[in-house]
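S.K.: No letters, just coordinates:
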Ligand code: ATP
C-alpha cells in the first residue's frame, strides 16, 4: 500500500463505533451528482464521515487524459468544505503526492482498515451503479465484496435486479432477500441507494467547459470558480 501519509486519525465520536464511507472516483471534476449521492448516503446510513478519494492513475486505460491530480484533489477539497461530514482524502496521492501511481480499491480499503479503523468501526464503500456493474473486472473483487458494506447509488437507466447478477452466487448469504434494496452477502451487504437520481456526469461537465458553456449548477460554485481561475478543461 502507498506510503502516502494519512490524515490524522480522527477521534471516535463519543467513544462509539464510527461509520466511515469511502467514495473513490476520478472526480474529473467533482460535480453535484457526486455530492447528492454522498449527502443521501450520509443521511440514510448515519455516516460519521464520507472520505472522497480522488484516484491516482487509473488501473484501466482511461477514456480520456485526466486533469492533474493536484487539481482534482483541490476541487474535491473545495467541495468538501461545504459539508462537515465530508473529508478530502489523499489516500491515493502516492509517495510523491503526484497521484501518478496505480491504486486498486482493495488496497485502499485495506489501507483504511489499517489506519482509520478502530475495533467496531464500520466501513462502507460508495459507488455508482455503473461502476458496481464493472466490479467483476476489479482486482480481488471477491475479497473486496467481503471486506466492507457497499452503497450503490442508482444512475438513470439502472435496474435494481442487475445488482444481484454481478455477485457470484457463492458469495451470497443464506438468508433470502427480504428487501429489494439490500443484497446480503456472507459477511457484508450491498445496499441500493435509489433515493437520489442525478444524470450529471463529469463527461458532460468537461464537454460543456470545452465548448465554453456554463456549468453553473452542475458543480459547486467554488469548484466552478477554481476551474475558471485555472483555465481547466478548455
Ligand atoms: P466520467 O463521466 O468522467 O466517467 P463520473 O461522472 O462517472 O465521471 P467519477 O469520478 O468517475 O464520475 O465517479 C465516481 C463515482 O461516482 C463512480 O462510482 C460513479 O459511478 C459515481 N457517480 C458519478 N456521477 C454519479 C451520479 N450522477 N449518480 C450516481 N453516481 C454517480
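M.R.: Thanks, I have it. What you see is a predicted model; the values in this text were computed from it and never measured.
S.K.: For stretch 188-206, buried residues please.
M.R.: Across stretch 188-206, burial judged by 16 or more other C-beta atoms under 10 Å covers 188-194, 196-198, 200-202, 205-206. To be clear about C-beta, it is placed using only N, CA and C from the backbone, and glycine gets the same treatment.
S.K.: near the ligand, which of those show up?
M.R.: The overlap between the buried residues of stretch 188-206 and the neighbours of the ligand (C-beta under 6 Å from any ligand atom) comes to 198, 200-202.
S.K.: Specify which member of those residues is nearest to residue 49.
M.R.: residue 198 (21.8 Å; C-beta to C-beta).
S.K.: Disregarding residues adjacent in the polypeptide, which is nearest to that closest one?
M.R.: Distances taken as C-beta to C-beta, 6 or more residues apart in numbering place residue 33 nearest to residue 198, at 3.8 Å, with adjacent residues excluded.
S.K.: what secondary structure does the one you found sit in?
M.R.: helix (DSSP: H, G, I helix; E, B strand; the rest coil).
S.K.: can you start the count at 44 instead of 1 from here on
M.R.: All set: I'll call the first residue 44, so the last point we hit is now residue 76.
S.K.: how about it, what does it touch?
M.R.: The contact partners of residue 76, by C-beta atoms under 8 Å, 6 or more residues apart in numbering, come to 241-244.
S.K.: I'd like those as JSON lines, with pLDDT and secondary structure appended.
M.R.: Formatted as JSON lines, those follow (pLDDT from 0 to 100; DSSP: H, G, I helix; E, B strand; the rest coil):
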{"residue": "241", "pLDDT": "88", "secondary structure": "coil"}
{"residue": "242", "pLDDT": "91", "secondary structure": "coil"}
{"residue": "243", "pLDDT": "96", "secondary structure": "coil"}
{"residue": "244", "pLDDT": "96", "secondary structure": "coil"}
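S.K.: could you dump those to TSV with distance to residue 266?
M.R.: Shown next, in TSV, are these (distance: C-beta to C-beta, whole Å):
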residue	distance to residue 266
241	15
242	18
243	12
244	15
